[in-house]
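> Coordinates only, no sequence provided:
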């Protein structure tokens, strides 16, 4: 046992002093916060520049009504968000007018223009032509305004007095409230749920990839310079394996503690809401077990490869598995009871990251939590046994990479 702790201490001290570890300790939280916060800020950011929008309307029905409605949108400084100008000229055909408006747009005289190509009773065809990529927020507002105008036109044709129906264009906002306790409002909204799930999954992915690659690189270096043979001569392969895993896990725990302190500081500074960490206890269980599971998996990989190129190829596939929940995060939050999500909750390779997502999205049955933890724990123990058998033989091998049959024989052996 003393040898295991000595190896773990040596691994920890050697890795914690490296520039790579120190840089990742600082850069990783910055990257995660940036990935999580910046898209939200960009999505919610409104332009502070008044846009000049043109309109081509040969029917001469919509310009005045649209101008009155669009001027209700204001910038944060109180200025008009849009200024509408009439590009329609009598005696000119639509193709001529469109060509002129296109030129005005390309010359940056206007941001873009609305072209009403046809309007017959209930049917209307509208284009928004712009040189830049179309701003979905702008188009959504234009669609809303046209819908209001068309409703008013229909009501007026049916004989209703629309002067008393101004409430038509009053927006209705539905507040989204989750229920945690009967009679009380929940505190989590969509962004909080997404952020809390996203940050833990991203942390797990980056920690596993960084720590796993560090372990694999260390094993390759020790194999190439024959240092591992010296180590094995003074301890057993199992002691060496246990020491490496313990040292690397301690390094990971150090990262978690420092990142947790950073998170507490951000909560205190009101940068992120405290509700993000409401399920932090159960999430840490999946986080730690997932880290141990993949770390032992990396040990087995590091034992059978001889070059960093070989290791990078194999670790890339593990990285893709870890990325899966990030890809399905938004659909999963919108539909937490999806069968495919529940299936992946019981597969060892996807349990950590998928359950990190599920426990934040919806109320997960207690039996699901205990069963997934048990499966992950047993899988980690099994992976340690398999990696240990591979490590005993593979760590001392040089030259060609072992075949799949040889690896299976190592696993089946009782040594």
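It's in. Treat the numbers as computed from the prediction; the structure is a model and nothing was measured. Numbers count the residues shown, from 1 in each chain.

> what bits of the stretch 1-150 of the chain have low per-residue confidence?
Along the stretch 1-150 of the chain, segments meeting pLDDT under 70 span 1, 28-29, 31-48, 121-122, 133-135.

> hey, where'd the helices end up in it?
2-16, 19-44, 63-70, 94-106, 136-157 (DSSP state H, counting those that start in this stretch).

> Would you convert those into TSV that also reports distance to residue 305?
Placement of C-beta: from N, CA and C, glycine included. Converted to TSV, the helices of the stretch 1-150 of the chain look like this (distance: least, CB to CB, whole Å):
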stretch	distance to residue 305
helix 2-16	19
helix 19-44	20
helix 63-70	63
helix 94-106	56
helix 136-157	47
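
> Of the ones you listed, which is nearest residue 256?
Proximity to residue 256 (CB to CB) singles out helix 19-44 among those, at 10.9 Å.

> Can you add distance to residue 298 and mean neighbour count and give the helices of the stretch 1-150 of the chain back as JSON lines?
Below are the helices of the stretch 1-150 of the chain laid out as JSON lines (distance: least, CB to CB, whole Å; neighbours: other CB atoms under 10 Å):
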{"stretch": "helix 2-16", "distance to residue 298": "14", "mean neighbour count": "16"}
{"stretch": "helix 19-44", "distance to residue 298": "16", "mean neighbour count": "13"}
{"stretch": "helix 63-70", "distance to residue 298": "58", "mean neighbour count": "18"}
{"stretch": "helix 94-106", "distance to residue 298": "55", "mean neighbour count": "14"}
{"stretch": "helix 136-157", "distance to residue 298": "42", "mean neighbour count": "15"}
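
> Those helices: which one's closest to residue 245?
Nearest to residue 245, of all the helices of the stretch 1-150 of the chain, is helix 2-16, at 8.2 Å by CB to CB.

> for the closest one, packing partners?
Packing partners of helix 2-16 (3 or more CB pairs under 8 Å, 6 or more residues apart in numbering; DSSP states H and E): helix 190-224, helix 237-268.

> Repeat the analysis, applying 6 Å as the threshold.
With contacts taken as 3 or more CB pairs under 6 Å, 6 or more residues apart in numbering; DSSP states H and E, helix 2-16 sits against helix 237-268.

> Buried residues of the helix it packs on, list them for me.
Neighbour-count burial for helix 237-268 flags 237, 239-252, 255-256, 259, 262-263, 266 (criterion: 16 or more other CB atoms under 10 Å).

> How many residues are close by residue 54?
Each residue near residue 54 was counted by other CB atoms under 10 Å, and the total is 23.

> Run through the bridge partners of it.
residue 85, residue 113 (DSSP bridges).

> what about the helices of the stretch 1-150 of the chain, which gets the closest to residue 313?
Closest to residue 313 of those is helix 19-44 (CB to CB; 20.9 Å).

> Spit out the contact partners of residue 76.
With contacts defined as CB atoms under 6 Å, 6 or more residues apart in numbering, residue 76 is in contact with no residue.

> quick one, phi/psi of it?
With angles defined as degrees, to the nearest 10, residue 76 sits at phi -60, psi -30.

> if I look at it, how far off is residue 142?
20 Å (CB to CB, to the nearest Å).

> Likewise for residue 21?
Where residue 142 is concerned, residue 21 sits at a distance of 52 Å (CB to CB).

> likewise residue 320?
In terms of CB to CB, residue 320 sits 41 Å off from residue 142.

> for residue 105, same thing?
Counting by CB to CB, the gap from residue 105 to residue 142 is 15 Å.

> What of residue 5?
Residue 5 is 68 Å from residue 142, by CB to CB.

> Then residue 296?
56 Å.

> Same check on residue 19?
53 Å.

> likewise residue 384?
60 Å.

> How about residue 413: what's its closest non-neighbour residue?
Taking CB to CB, 6 or more residues apart in numbering, and ignoring the residues beside it in sequence, residue 413 has residue 389 as its nearest neighbour in space, at 6.5 Å.

> isn't there a helix covering the one you found?
Yes - checked against DSSP: H, G, I helix; E, B strand; the rest coil, residue 389 lies within a helix.

> Look up how far residue 358 lies from it.
For residue 389 relative to residue 358 (CB to CB), the value is 33 Å.

> before we move on, what about residue 390?
On the measure of CB to CB, residue 390 and residue 358 end up 32 Å apart.

> ok, now residue 74?
Taken as CB to CB, the span from residue 74 to residue 358 is 41 Å.

> quick one, which of the two is more surrounded?
residue 358 (26 against 13).

> Please, which helix or strand holds the more buried one?
In the assignment (DSSP states H and E), residue 358 maps to helix 351-361.

> so what does that helix touch, helix or strand wise?
helix 190-224, helix 280-304, helix 308-327, helix 366-394.

> which one of those helices lies closest to residue 85?
That would be helix 190-224 among those, by CB to CB, at 37.3 Å.

> what mean pLDDT does that closest one have?
The average pLDDT within helix 190-224 is 69.

> Repeat that for stretch 372-390.
Mean predicted lDDT for stretch 372-390 stands at 86.

> I am finished for the moment; much appreciated.
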